[in-house]
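Asks: from the sequence below, what's the structure:
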Amino acid sequence: MPPRVCASADINVLRDFSALLRQSNSSSSGGGGGGGGGGGGGGGMEVPLVSGHFAPLFGAVCALVGLSLRQTAYVFMLSHVKALVSAAVRASMFGPYQAQKVLAGEKVQNMINAVIDREWDTPVEDAGQSVPVMDLWVGRHEVLYSRIFNS
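Replies: Below is the predicted model:
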């Protein structure tokens, strides 16, 4: 019974978050009542069928497990660095042992902390970026004869 350790207040955090997602996605077809069977039956709790951007969901889950805002930002950025290093390994820029050394190194830790410090007070309105040419290139990757990553 270890999964029952979550308090009802913790469940309410995610329930409130899913309600916000549903409000912002109100244009999608409603309903939401189907599919009550998955997950261990208890208390008529329904798993909400919602979608959202990864970053807010990541933040909600980190709040649920008790991470501070700073810790959440650090772990989020570290996961991005990990994805970049993984791509570099698949592109044979360096090997897996060097990748682990880079990820565990002080240089990456300092870089992540510096980026967090620099951007901490950036308003939400300014926290995005747009690179239309790159978006076009990404969309073309799947139709190329020779792709970098075949997945």
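Asks: which element is the closest residue to residue 61 other than its chain neighbours on?
Replies: With C-beta to C-beta, 6 or more residues apart in numbering as the criterion, residue 61 has its nearest non-adjacent residue at 7.8 Å, and that residue is residue 14. Placement of C-beta: from N, CA and C, glycine included. The secondary structure element spanning residue 14 is helix 8-24 (assigned by DSSP states H and E).
Asks: so which bits of that helix are buried?
Replies: 14, 17, 18, 21, 22 (16 or more other C-beta atoms under 10 Å).
Asks: quick one: the closest residue to the second one other than its chain neighbours and residue 133, what's the gap?
Replies: Looking back up the chat, that one is residue 17. In space, not counting the residues next to it along the chain, residue 17 is nearest to residue 60; the distance is 4.4 Å by C-beta to C-beta, 6+ apart. Counting by C-beta to C-beta, to the nearest Å, the gap between residue 60 and residue 133 amounts to 33 Å.
Asks: more crowded one of these two?
Replies: For residue 60 versus residue 133, the count of surrounding residues by other C-beta atoms under 10 Å is larger for residue 60: 18 against 7.
Asks: list the contacts of that one.
Replies: For residue 60, the contact set (C-beta atoms under 8 Å, 6 or more residues apart in numbering) comprises 13, 14, 17.
Asks: model confidence over stretch 82-89, on average?
Replies: The average pLDDT for stretch 82-89 rounds to 93.
Asks: the helix holding residue 14: how far from the chain's middle?
Replies: Offset of helix 8-24 from its chain centre (C-alpha atoms, centre = their mean, to the nearest Å): 17 Å.
Asks: what packs against that helix?
Replies: Contacts of helix 8-24 with other secondary structure elements, assessed using 3 or more C-beta pairs under 8 Å, 6 or more residues apart in numbering; DSSP states H and E, are made with helix 54-64.
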